[in-house]
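**Q** Quick one: sequence and predicted model below, then my questions.
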Amino acid sequence: MNRTLILRFAFPITLIAFAVFTKWWLVDVVDGTDGLMYGFPFIYRAPAFYTSMAEEYFMDALAADFIMYFGIITGIIYSVNRWVSAITVKKGFSVVLFVIALLLIGFRTAFTLMPENRFSLTRDYDIVIRQTGMEFPGNDRDRSAFDDRHK
């Protein structure tokens, strides 16, 4: 597989998938409150305990999740390109993919870089997982599962 296919197709698809599809975890924090945490396969975003509306990001899990997304998508593209049909990506389509990816990641980054948020290398507290599910556009089941538990 050549580098242009990775750069023009696999990388923007990875960015889009990473920004749009993830897993939610309804958890109880040991000696703390409960809440919704996000990330797949590792939790990389959690509510912060020191103030409301702030989030905490775990950089090791974030990097591992992104590398796994990139590896899986590159593997799928490589397999299709090698054994099914050769993939050719036109420059216009590549530009559209990059614009969509940069918009999605840009919006996510704008919310992530708010001054209230905290970044740490690892999560330093234990959790008990109560429920999980997938998050994607149009799915608000995570909020309803959290609300059902707090009635």
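**A** Sure, I can see it.
**Q** Please enumerate the helices of this protein.
**A** Counting by DSSP state H, the chain has helices at residues 3-5, 11-20, 59-79, 91-112, 141-149.
**Q** Pick the most deeply packed of the ones you listed.
**A** helix 11-20 (a mean of 19; mean count of other C-beta atoms under 10 Å). Yep, even glycine has a C-beta here, placed from its N, CA and C like the rest.
**Q** and the nearest residue to residue 128 once chain neighbours are set aside, how many residues sit next to it?
**A** Closest residue to residue 128 apart from its sequence neighbours, by C-beta to C-beta, 6 or more residues apart in numbering: residue 28 at 4.5 Å. By other C-beta atoms under 10 Å, 15 other residues sit near residue 28.
**Q** do the same with residue 123
**A** Residues near residue 123, counting by other C-beta under 10 Å: 17.
**Q** Tell me who's in contact with it.
**A** 43, 46, 58, 61 (C-beta atoms under 8 Å, 6 or more residues apart in numbering).
**Q** One more pass at 7 Å, please.
**A** The neighbours of residue 123, taking C-beta atoms under 7 Å, 6 or more residues apart in numbering as the test, are 43, 58.
**Q** how close does it get to residue 111?
**A** 20 Å (C-beta to C-beta, to the nearest Å).
**Q** try residue 68
**A** 23 Å.
**Q** quick one, which of the helices of the chain is nearest to residue 32?
**A** Residue 32 lies closest to helix 141-149 among the helices of the chain, at 15.4 Å (C-beta to C-beta).
**Q** Residue 51: which of the helices of the chain is closest?
**A** helix 91-112 (15.2 Å).
**Q** and stretch 8-17, how far from the chain's centre?
**A** Stretch 8-17 sits 13 Å away from the centroid of its parent chain (C-alpha atoms, centre = their mean, to the nearest Å).
**Q** An error on my part: the question was meant for stretch 78-89.
**A** 26 Å.
**Q** And for stretch 70-77?
**A** 16 Å.
**Q** For the helices of the chain, give me a markdown table that also has distance to residue 135 and mean pLDDT.
**A** Below are the helices of the chain laid out as a markdown table (distance: least, C-beta to C-beta, whole Å; pLDDT from 0 to 100):
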| stretch | distance to residue 135 | mean pLDDT |
| --- | --- | --- |
| helix 3-5 | 29 | 76 |
| helix 11-20 | 9 | 92 |
| helix 59-79 | 13 | 94 |
| helix 91-112 | 13 | 91 |
| helix 141-149 | 6 | 63 |
